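Peer 1: Output the structure for:
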Amino acid sequence: MNNLVLTFLASILAGFALANLPTSTVITAGVAQFFTVIGGIAIVVFALALLYLGVKSLINNRRY
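Peer 2: Numbers count the residues shown, from 1 in each chain. The predicted structure is shown next:
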């Protein structure tokens with residue numbers, strides 16, 4: 001479970017890297033905009049996955 005969480009955190013960081021990609025001679029403004037959208041989607045998806053794992057862990061560890 002711990003490896004899965006670390007993988008999701010790394011994916012969120014990769015999403016931030018894609019979202020903040022600067023333009024250059026190789027990466028044009030259109031391509032940078034595409035990477036910004038893909039990076040934003042990756043951030044949201046993997047953040048929701050982390051929230052799901054956290055809530056599931058809290059519910060499963062609840063004992064009466």
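Peer 1: So which residues of the protein form helices?
Peer 2: For the chain, applying DSSP state H gives helices covering 2-19, 29-60.
Peer 1: Mean pLDDT added to these, as a markdown table?
Peer 2: As requested, the helices of the chain are exported to a markdown table (pLDDT from 0 to 100):
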| stretch | mean pLDDT |
| --- | --- |
| helix 2-19 | 91 |
| helix 29-60 | 93 |
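Peer 1: Output the ones you listed in a markdown table, with mean neighbour count appended to each entry.
Peer 2: C-beta here means a position set from N, CA and C on the backbone, and glycine is covered the same way. Below are these laid out as a markdown table (neighbours: other CB atoms under 10 Å):
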| stretch | mean neighbour count |
| --- | --- |
| helix 2-19 | 14 |
| helix 29-60 | 13 |
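Peer 1: any idea how far F8 lies from N2?
Peer 2: Counting by CB to CB, to the nearest Å, the separation of F8 from N2 is 11 Å.
Peer 1: ditto for I41
Peer 2: Distance from I41 to N2, by CB to CB: 25 Å.
Peer 1: Alright, that wraps it up for me.
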